[in-house]
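[1] no sequence on this one, just coordinates:
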């Protein structure tokens with residue numbers, strides 16, 4: 001993913017609202033900046049959030065799915081990849097019980113971002 005971010009191929013990401021709620025984390029806001037860290041733990045860039053949308057999963061647009069840079073050409077492909085992750089033992093164990101229902105009504109946090117600095 002780091003290479004895709006640096007190449008400008010990945011300019012979006014999606015989380016579930018419940019992740020923020022369970023961690024008591026504030027929602028991202030336009031203008032927030034985050035470090036991009038590679039697999040060796042080195043900061044390689046800084047991104048700035050340029051857009052945040054809170055939508056039911058059933059309303060995620062194709063433009064967002066494509067902007068995630070994971071090769072999805074349809075919302076259905078994007079959804080299948082994300083549903084597989086969100087139903088994985090790793091994700092659910094990290095989130096903790098009770099486990100959420102991941103359906104079209106599950107609320108998602110869609111972020112768009114741009115690289116503003118490289119290390």
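    Cool, the structure landed. Computed from a prediction, not measured in an experiment: that's the story for all the values here. Residues are numbered from 1 along each chain as shown.
[2] Now do the helices in the protein.
    For the chain, applying DSSP state H gives helices covering 2-6, 17-23, 62-67, 75-86, 89-95.
[3] Indicate which one of the ones you listed is closest to residue 40.
    helix 2-6 (10.1 Å; C-beta to C-beta). For the C-beta atoms, the positions are set from N, CA and C on the backbone; glycine is no exception.
[4] Show residues contacting that closest one.
    When contacts are defined by C-beta atoms under 8 Å, 6 or more residues apart in numbering, helix 2-6 is touched by residues 10-11, 36-39, 44-45, 47, 69-70, 115, 118.
[5] tally of neighbours for the nearest residue to residue 110 once chain neighbours are set aside?
    The shortest distance from residue 110 to any non-neighbouring residue, by C-beta to C-beta, 6 or more residues apart in numbering, is to residue 53 (4.3 Å). Neighbour count for residue 53, taken as other C-beta atoms under 10 Å: 15.
[6] before we move on, the earlier item: of the contacts of helix 2-6, which is the nearest to residue 57?
    residue 70 (15.9 Å).
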